[in-house]
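Visitor: Build me a model from this:
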Amino acid sequence: MRSALLMLVFILPACAAVDSGECREANWYDVGYRDGQHRLQSQAGVYAQRCAAGGVKVDTARYEEGLQHGWYDFGDRWGIL
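Guide: This next block holds a predicted model:
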């Protein structure tokens, strides 16, 4: 349990950390999928705010689609399903 909490301390900030270059080149489905596999809640608002600073708009529809698929596939990743 303790190691899982420590892991989250390092994973959560990294997931929403993007710069304007990454925003321009991002595949928002893949970003959402990765976040979903880590069982994160939607980070679309965080990404949108950070990317807007660089003048880039996040494709939130694709992000949310990837997030849902990542959540669905989470069980396969950990052998739960």
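Visitor: L67 and W28 touch, don't they?
Guide: No - contact criterion CB atoms under 8 Å: L67 and W28 do not qualify, at 9.6 Å. Yep, even glycine has a C-beta here, placed from its N, CA and C like the rest.
Visitor: do you know how far F74 is from R34?
Guide: When distance is defined by CB to CB, to the nearest Å, F74 is 11 Å away from R34.
Visitor: So for L67 and W28, which sits in the more crowded spot?
Guide: When L67 and W28 are compared for neighbours, L67 comes out ahead with 25 against 21, by other CB atoms under 10 Å.
Visitor: which residue sits closest to that one, ignoring its sequence neighbours?
Guide: Once its chain neighbours are removed from consideration, L67 has its nearest residue in G32; the separation is 3.8 Å (CB to CB, 6 or more residues apart in numbering).
Visitor: from memory that neighbour sits against E65, does it?
Guide: Yes - look at G32 against E65 with CB under 8 Å: they come within range, at 6.6 Å.
Visitor: Quick check on these two: which one has the bigger neighbour count.
Guide: The residue with more neighbours, out of G32 and E65, is G32; 30 against 16, by other CB under 10 Å.
Visitor: How many neighbouring residues does N27 have?
Guide: Neighbouring residues of N27 were enumerated by other CB under 10 Å; the total is 12.
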